[in-house]
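Enquirer: structure for the following, please:
(chains A and B)
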2 protein chains.
Amino acid sequence: MSAALVTDLYELNMAASYLRRGMVGPATFSLFVRQLPTSRGFLVAGGLESCLSCLEAFGFADDELEWLAGQGFDHDTIERFRRLRFTGEVWAVPEGRIVGANEPLLEVSAPIAEAQLMETILLNQVTFQTALATKAARCRIAAADRFELVDFSLRRTHGVDAGMAAARLSAMVGFSATSNVEAARRYGLRPAGTMAHSYVEAFPTEGEAFRAFAEDFPGRTTFLVDTYDTLDGVRTAIDVIGDLDLRDNVGIRLDSGDLAGLARAARAMLDDAGLHRVRIFASGGLDELDLQRFAVSRAPIDAVGVGTQMGVSADAPSLDSAYKLVAYDGRPVLKLSAEKMTMPGAKQVHRSSPPTPDLLALRDEPAPPASEPLLVPVMRHGRRLAPDTLDQAQTRFERDLAALPASALDLGTPQAPSTRVSEQLTALAADLAARIHQRTRRTAATS
Amino acid sequence: MSAALVTDLYELNMAASYLRRGMVGPATFSLFVRQLPTSRGFLVAGGLESCLSCLEAFGFADDELEWLAGQGFDHDTIERFRRLRFTGEVWAVPEGRIVGANEPLLEVSAPIAEAQLMETILLNQVTFQTALATKAARCRIAAADRFELVDFSLRRTHGVDAGMAAARLSAMVGFSATSNVEAARRYGLRPAGTMAHSYVEAFPTEGEAFRAFAEDFPGRTTFLVDTYDTLDGVRTAIDVIGDLDLRDNVGIRLDSGDLAGLARAARAMLDDAGLHRVRIFASGGLDELDLQRFAVSRAPIDAVGVGTQMGVSADAPSLDSAYKLVAYDGRPVLKLSAEKMTMPGAKQVHRSSPPTPDLLALRDEPAPPASEPLLVPVMRHGRRLAPDTLDQAQTRFERDLAALPASALDLGTPQAPSTRVSEQLTALAADLAARIHQRTRRTAATS
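Expert: Numbers count the residues shown, from 1 in each chain, chains lettered A, B, ... in the order given. Sure, this is the predicted structure:
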C-alpha cells in the first residue's frame, strides 16, 4: 500500500506550503498517548511493523497526482509531491513492550514535509493496534494461564485489516491459536475451528451431525453442543465419541448459557463416561472479566474463544494518541493549548529495575546507570534497520509483563506505574513556555 | 479482494464436510442484529456494497489452496474448493435505510457450502459498517442542521478500510465533507482540511504561520488559533485577514478548551472587526452529546469536525449480529440455545406508515396493504442486479430519518420502534421448536 492519499487533506496542504517555501529543515515528531483510558494500567506497543511498511512504500502514484491537480494543487506542488519519498529516521518502542502515558511510542525525524505527511497513517496504525494489543493482554492476564486463549474476533472487527491485526497482536500477548485462516497463513499462527450451529441444523439430528463431522475430521473434532439443549448435546457427544472410539484431540464447545456451570456439569458427565481427555471449550461474547471469573472459580474449561470484546477493544476502542512536532530546524518546539501542552525535543525513555519509575528524558541526555532505553532506532534513510519477528515481540511482552507491578495488572481499577521527567527536559519545557508567553504578551501589548 | 481465506477455519471445515457428503441443497442464511445497544433507538444499514463486492470476487487462489493442502485438507476437498464460486441469491435492506433488532439486513440463498463460507466476511462488513453508520447518524441528529459536519476520523479508525467506510457512511447520513483524501477521491466526497499545530510551530511566530498559509491557500484558509493562546490566536487571525484583505472561504478553528464559550468570544471579536463572514470551526474529541449541547445552546459554530468518537463508534463499537441458517433443502430450521433462539425461514420486513410497526414475516407471505418491503433482491446467480449509488443511499436515509418517531431519535435513552411478527412465522417457529423438544425427549428416553 502506497497510501499517499490515505491521509488528512491538511497534511497535503501543509506539506505543499513547506515545500513551496523551501522549508526543508529536519523536524522531529513524537507519537505518544496523552492519557490512558481509566480501565488501563499500561499499554502494549503495537503497530510498528505496519508503520514501517507504510513508510518504506510511501510515494504518490501518477493517478493520485492527477487527481490532486484537479483539486487545485498547482503544477509545481504536484512535481514536488512526485519526487517525495520517506527518507527519514525512526526511533520506536518495539512491538510487545509495555509502556505508559506520555512515553513516546515512535519518533520520526525527516525533512518537515515528509514527516508531516506520515502523521495520519502512523497515528491510525499505532493507535488501533496498541489498543487491541492492550485489550488482548488484559485477556491474557485474566486467564492466568489456567486455559488457552483463541482469537475468534474476525467476524466483528472493524474490517479485514483490523481482523488481521487482532490475530497477530493477540498471538503476541500469548493467545495460542486463531480462527482467522488468512492471519494464520500470513503470520504462521495455529488455525483453530470447530463447527457452527448451522452445521448441526443441516442434519436431521444432532447425533447425525456429530457423527458426520467426526468421520470427516477424525484428528480434530470439537462438538458444538448447545444448538438445542446443552446437556442433551453433551450426552449425544459422549455417545458418538464412544461409538466411533474417538481418542485424540476431541472436545466439546459451550457457546451460550451459564458457561462455568455448564462446564462443571459437562466435565462430570464426561468424566463419568471415562472421557477425561475430552476438552471443554467455551465461547460467546466473553471479555476479560468473564475470563477472570472462570480462572478464579477454577471452572473446568480448557480453552476459551475470545472474539468481539477483544477485537474491537470494546471498553476502550481508541486511545488519546497524538503526533506532535517537538523539534524543527535545530530548535525544540512545544504547544501550549489548554490541557494539551506537549514536551519539546527528541526523547528517550530509560527503564530501570522496578520499582524505579521510567525516566522520560531528552534523547541526548546520558542514560542513568543500569537502565535500558525503550526507544531504539528502527529506520534510517527511509530503510528498516533490522527485521523484527513475532517471536521476538512475544519474548519482549513476556519479560515486561513479568516486571509489571500488581497494581498495574489489576483489571478493575488499575494504577499505572509513574514516570519521572528529567530535570533537563523539565527545564527546557519551562524555558520554552516562558519565552512563548513573553512573546504573546509582547504581541498583545503592541497590537 | 478474493478473501476466500479471510474467514474462520470452521467455515472451511463445514464446507469441506458438506461438499464431501454431497450436501449441495439450497440453504438460506439470515443476517440480523439480535439486540440493539442500550444507547441505540435504531440502526442505519451499512456495508452492503462491500459485501456484494466480496461475493462477486469470491474464489480460492492457487497459493491459498496449496497452503490449505499443507494444513491437512485432502486432495478431493482442495479440488472441490478450487471450483467454488458464489452462485447464489441475496436479498438485502439497501444501505441508508433505518432498521431495528431482529429485522434481517441480508439473506443469502445458495448451495449450503457457498452460503456457509460467506458468513465471516458478511458479518464483518455489515456489523462494523452498520455500527459506524448508526453512530454517524446520531451525530447528524444531534447537530440538528445548525452546523455542518466534517469527518475527521481517519487517524483513529481501526485501520484504513475502516477509515474509508467511516468517510463514506458519514457522507451517507449527511456529513458534508471529509478530511480523508483517498475517501474523497474514491467516493466523490468533498475533501476538507485546515492546518495542524505543527504548522504554526514550524514558523517563528503564529502570525508568520497564518500569513504564509493564507498566501499559499488564498481561496481556502482556516487558521488554527489554539496553539499557544486561543483568543490571542483569534486576534492574530483578525490582523492577518485585515492585512491580506482575505474575503472568501476564511475561517478559524478551535481545537481545545471550552469550545462553545471560545466560539462566542471569537464570534464577538470577529464581528467587532466587521468579519461577519469568517466561519468558526470546532473540533477536538467531540461526540454526539457535545454536538447536541452546541446545537441546543446555539453556540456560534459553523462547522464541526467529528473524529474518533464517530470513527470507532466509541460507546457501541460492535453490534450483536448473527448469521443464522434459517432453511436448508426445503425445510425451515431454527436454533434453541439459551437466549439465542432464531426464527426460521426466509423472511421479509413490511413497513407501513408510522405509527404502524414493521411486520416481520415469511418471505412468501402476502404483503399487508399499503406497505413497502425492506428487503429487495440485490444479487442473483452470484451477480449484482443493479448498481446502487451513494446519492440513492442518502435519499433513503433522509426519508427514513424523517419518519422516525421522536422516542427513537432521543440520544440518551432512546426507545426503538417495535416490530410485529406475523402469525404464520410465529406458528412455524412454535411448531419447529415443539418438534425439536419432542425429538430431544425421545433421544433422552432411549439413551
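Enquirer: quickly list the domain ranges of chain A.
Expert: According to automatic domain parsing, chain A comprises the domains A:9-132+A:320-446, A:141-311.
Enquirer: report the distance from the shortest one to the chain centre.
Expert: To tie it back to what came earlier, the one meant is domain A:141-311. Counting by CA atoms, centre = their mean, to the nearest Å, domain A:141-311 is centred 24 Å from the centre of its parent chain.
Enquirer: cool, and stretch A:377-396?
Expert: From the chain centre to the centre of stretch A:377-396 is a distance of 16 Å (CA atoms, centre = their mean).
Enquirer: most tightly packed of the domains of chain A?
Expert: domain A:141-311 (a mean of 21; mean count of other CB atoms under 10 Å in any protein chain shown). Just so you know, the C-beta spots here come from the backbone N, C-alpha and C atoms, and that holds for glycine as well.
Enquirer: show the end-to-end separation of it, please.
Expert: End-to-end distance for domain A:141-311, by CA to CA, to the nearest Å: 16 Å.
Enquirer: show the average pLDDT along it.
Expert: Mean pLDDT, computed over domain A:141-311, is 96.
Enquirer: what would the domains of chain A look like in TSV with distance to B:Gly96?
Expert: Below are the domains of chain A laid out as TSV (distance: least, CB to CB, whole Å):
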stretch	distance to B:Gly96
domain A:9-132+A:320-446	25
domain A:141-311	20
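Enquirer: report the contact partners of the residue lying closest to A:Val225 once chain neighbours are set aside.
Expert: Spatial nearest neighbour of A:Val225, excluding adjacent residues (CB to CB, 6 or more residues apart in numbering or on different chains): A:Gly233 at 3.0 Å. For A:Gly233, the contacting residues are A:Glu206, A:Phe223, A:Leu224, A:Val225, A:Asp226, A:Thr227, A:Ile252, by CB atoms under 8 Å, 6 or more residues apart in numbering or on different chains.
Enquirer: try A:Val173
Expert: A:Val173 touches A:Val44, A:Gly96, A:Ala133, A:Ala136, A:Ala137, A:Cys139, A:Arg140, A:Gln394, A:Phe397, A:Leu401, counting by CB under 8 Å, 6+ apart.
Enquirer: repeat that for 7 Å
Expert: Going by CB atoms under 7 Å, 6 or more residues apart in numbering or on different chains, A:Val173 touches A:Val44, A:Ala133, A:Ala136, A:Ala137, A:Arg140, A:Phe397.
Enquirer: nearest to chain B, of the residues you listed?
Expert: The nearest member of the contacts of A:Val173 to chain B, counting by CB to the nearest CB, is A:Ala133 at 12.5 Å.
Enquirer: element containing the residue lying closest to the closest one once chain neighbours are set aside?
Expert: Distances taken as CB to CB, 6+ apart place A:Gly46 nearest to A:Ala133, at 3.6 Å, with adjacent residues excluded. Using DSSP states H and E, A:Gly46 is not contained in any helix or strand.
Enquirer: point me to the residue of the stretch 51-200 of chain A nearest chain B.
Expert: A:Gly193 (3.0 Å).
Enquirer: and the stretch 1-150 of chain A, which of its residues are near chain B?
Expert: Within reach of chain B by CB under 7 Å from any CB of the partner chain, the stretch 1-150 of chain A has these residues: A:3, A:5-10, A:12-14, A:16-17, A:20-21, A:23, A:67, A:71, A:112, A:116, A:120, A:123-124, A:127-128.
Enquirer: one more pass at 8 Å, please.
Expert: Residues of the stretch 1-150 of chain A found near chain B (CB under 8 Å from any CB of the partner chain) are A:1, A:3, A:5-14, A:16-18, A:20-21, A:23, A:27, A:29, A:64, A:67, A:71-72, A:112, A:116, A:119-121, A:123-125, A:127-128, A:132.
Enquirer: show me the residues you listed that map onto helices.
Expert: A:9-14, A:16-18, A:20, A:64, A:67, A:112, A:116, A:119-121, A:123-125, A:127-128, A:132 (DSSP state H).
Enquirer: show the average pLDDT along stretch A:22-32.
Expert: Mean pLDDT, stretch A:22-32: 97.
Enquirer: contacts for it, please.
Expert: By CB under 8 Å, 6+ apart, stretch A:22-32 touches A:17-18, A:101-113, A:115-116, A:118-119, A:122-123, A:126, A:321-330, A:342-343, A:345-347, B:198, B:202.
Enquirer: next: stretch A:283-296.
Expert: A:135, A:138-139, A:141-144, A:146-147, A:149, A:152, A:253-256, A:259-260, A:282, A:299, A:301, A:304-310, A:314-315, A:411, B:320.
Enquirer: just to revisit the earlier point, possible to save the contacts of A:Val173 as a markdown table with secondary structure?
Expert: Listed next are the contacts of A:Val173 as a markdown table, based on DSSP: H, G, I helix; E, B strand; the rest coil:
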| residue | secondary structure |
| --- | --- |
| A:Val44 | strand |
| A:Ala133 | helix |
| A:Ala136 | helix |
| A:Ala137 | helix |
| A:Arg140 | helix |
| A:Phe397 | helix |
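Enquirer: A:Gly59: which of those residues is nearest?
Expert: Using CB to CB, A:Ala133 is the member of the contacts of A:Val173 that sits closest to A:Gly59, with 28.8 Å.
Enquirer: please save the CA atoms from stretch A:281-293 in PDB.
Expert: Backbone C-alpha positions of stretch A:281-293 (Å, rounded to 0.1, in the frame of the first residue of the first chain) are rendered in PDB as follows:
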ATOM      1  CA  PHE A 281     -14.100 -25.200  25.000                       C
ATOM      2  CA  ALA A 282     -16.100 -22.100  25.900                       C
ATOM      3  CA  SER A 283     -17.100 -19.000  23.800                       C
ATOM      4  CA  GLY A 284     -19.800 -16.400  23.500                       C
ATOM      5  CA  GLY A 285     -19.300 -12.700  23.900                       C
ATOM      6  CA  LEU A 286     -16.700 -13.100  26.600                       C
ATOM      7  CA  ASP A 287     -14.500 -10.300  27.900                       C
ATOM      8  CA  GLU A 288     -11.500 -10.300  30.300                       C
ATOM      9  CA  LEU A 289     -13.800 -10.000  33.400                       C
ATOM     10  CA  ASP A 290     -15.600 -13.200  32.300                       C
ATOM     11  CA  LEU A 291     -12.200 -14.900  31.800                       C
ATOM     12  CA  GLN A 292     -11.100 -13.800  35.300                       C
ATOM     13  CA  ARG A 293     -14.300 -15.300  36.800                       C
END
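Enquirer: distance of the nearest residue to A:Leu122 once chain neighbours are set aside from B:Ser198?
Expert: Counting by CB to CB, 6+ apart, A:Leu122 lies nearest to A:Cys51, which is 5.3 Å off, once chain neighbours are set aside. Look at A:Cys51 and B:Ser198: by CB to CB, to the nearest Å, they are 18 Å apart.
Enquirer: hmm, back to that, got a list of what the residue nearest to A:Leu122 touches?
Expert: A:Cys51 sits next to A:Val90, A:Ala92, A:Leu106, A:Ile121, A:Leu122, A:Gln125, A:Val126 when contact means CB under 8 Å, 6+ apart.
Enquirer: where's it, which helix or strand?
Expert: Short version: A:Cys51 belongs to helix A:48-57, going by DSSP H and E.
Enquirer: now find how far off-centre that helix is within its chain.
Expert: 15 Å.
Enquirer: thought A:Leu325 was touching B:Ala202?
Expert: Yes: A:Leu325 lies in contact with B:Ala202 (CB atoms under 8 Å); the separation is 6.7 Å.
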